[in-house]
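# no FASTA, just this:
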């Protein structure tokens, strides 16, 4: 019998296939993008009830990211928080025991915890380079759209009026970010990303993007973000001089410097804020802080996480200011550290500063395996975020833009060694 050749037909497989890492990176892109739009997603001013649509969007994004991270295989290896952040979140949950509005506290803390979970999960899978590219792409896209709104829909992209009829806001660019202060922070972060250029943009594209982003930042009239951008870039460049060989000397000096600075600031608080207490300085926002300090002195443990501003019961601040004070109309203390003080007390402030700023920097100083350009970028982000919280509130504030960029950078620090990502984890796998 003659042999019969049988052709075995192989099942068709595309040359390129979507990988789990690509799914995680896209999920991170969506998380960053929607958090940058937080002011308009929350309706510009959120009450205790929050926005159900906003929370559903995040749940869907994080659920999609969980597929990319293959979270069902090993939750512990996919989502691994630094112990300092675990302690911080744990204390915030504990504060619900004495929260004056536990319902609002619970809803806000669920969202805060969810954002930590989603960011760390997706960054772990995306890797440092992937996370950096997603952050750059997201902010570039939003600033580009903001230019379009400024030119073609100025009623949306440019401040017309404000709640206090303050002429200073009129004409300031805000783009799609809802307020000039948010727009200033986002553009400041984008300038840092473009300056260090770890995303590998072509020189011409990068230069054009920097020029346009600087223009937008200038037109926001956000003095805080303008000044902090320069300070943050300088701090990042200064990191180039650091040699990890001296970490045993530098790290204790850094911690000692932080301690001395905190003690001096606490002992000379009235002297420090004196130049800023006029109504023309920082739009008089420092006038908010004295009644907040008075409240804290009467409530050492604080009001409980998220239980001070915009809650379902009268704001506690109303008992410490006159009935006609504009402080009754605001929704934050315009200082992330002060807002933490009146909600989770000095222990919460200490845990937040240590977990989100000081301890990550100490970890960075202790790691010689982190490439210098990555270390420069990370330091710049930390300096900007810490400084921004001196005049705005973002620290531990759910999906607030500055907070999300900060915790994304902390997560990136954990995956920023020189080890190359295996080929099978690239965006597109080639057979």
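Alright, I've got the coordinates. No experiment lies behind these values; they were computed from the predicted model shown. Numbering: from 1, shown residues only.

# tell me which residues touch the nearest residue to residue 415 once chain neighbours are set aside, please.
In this structure, residue 415 finds its nearest non-sequential neighbour in residue 128, 5.1 Å apart by Cβ to Cβ, 6 or more residues apart in numbering. To be clear about C-beta, it is placed using only N, CA and C from the backbone, and glycine gets the same treatment. By Cβ atoms under 8 Å, 6 or more residues apart in numbering, the contact list for residue 128 reads 374, 412, 415, 416.

# dump the residues you listed into CSV; add secondary structure, pLDDT and distance to residue 140 as well.
Formatted as CSV, those follow (DSSP: H, G, I helix; E, B strand; the rest coil; pLDDT from 0 to 100; distance: Cβ to Cβ, whole Å):
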residue, secondary structure, pLDDT, distance to residue 140
374, helix, 95, 20
412, helix, 96, 18
415, coil, 90, 22
416, coil, 83, 22
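
# residue ranges in the chain under the pLDDT threshold?
1-18, 41-51, 71-79, 161-167, 269-286, 418-431 (pLDDT under 70).

# can you name the next helix or strand after the longest helix anywhere in it?
Taking DSSP state H as the assignment, the helix of the chain that covers the most residues is helix 102-152. Moving toward the C-terminus from helix 102-152, the next helix or strand (DSSP states H and E) is helix 154-157.

# what's that next one packed up against?
Helices and strands touching helix 154-157, by 3 or more Cβ pairs under 8 Å, 6 or more residues apart in numbering; DSSP states H and E, are helix 102-152.

# ok so, going back, could you measure the residue nearest to residue 415 against residue 265, distance?
Relative to residue 265, residue 128 is positioned 33 Å away (criterion: Cβ to Cβ, to the nearest Å).

# thinking again about what came up before, let me know the closest of the contacts of residue 128 to residue 34.
residue 412 (18.9 Å; Cβ to Cβ).

# correct me, but that closest one touches residue 132?
Yes. At 7.0 Å, residue 412 and residue 132 qualify as touching, with contact defined as Cβ atoms under 8 Å.

# and for those two, which residues touch both?
Common contacts of residue 412 and residue 132 (Cβ under 8 Å, 6+ apart): none found.

# please, where are all the strands along this protein?
Along the chain, the stretches classed as strands by DSSP state E are 16-18, 428-430.

# isn't residue 69 up against residue 121?
Yes. Judged on Cβ under 8 Å, residue 69 makes contact with residue 121 at a distance of 5.0 Å.

# so which of these two has more stuff around it?
residue 69 (28 against 25; other Cβ atoms under 10 Å).

# quick check: the gap between the more buried one and residue 135.
As judged by Cβ to Cβ, residue 69 and residue 135 stand 18 Å apart.

# do residue 318 as well
Note on residue 318: its distance to residue 135, by Cβ to Cβ, is 39 Å.

# what of residue 85?
Counting by Cβ to Cβ, the gap from residue 85 to residue 135 is 19 Å.

# the more surrounded of those two?
residue 135 (27 against 21).

# nearest residue to that one other than its sequence neighbours?
Closest to residue 135 by Cβ to Cβ, 6+ apart is residue 32, at 5.8 Å.

# what sits against the one you found?
134, 135, 138, 139, 404, 405, 408.

# between those residues, which sits nearest residue 150?
Checking the contacts of residue 32 against residue 150 by Cβ to Cβ gives residue 139 as the nearest, at 16.2 Å.

# so how many other residues sit close to the closest one?
By other Cβ under 10 Å, neighbour count at residue 139 equals 25.
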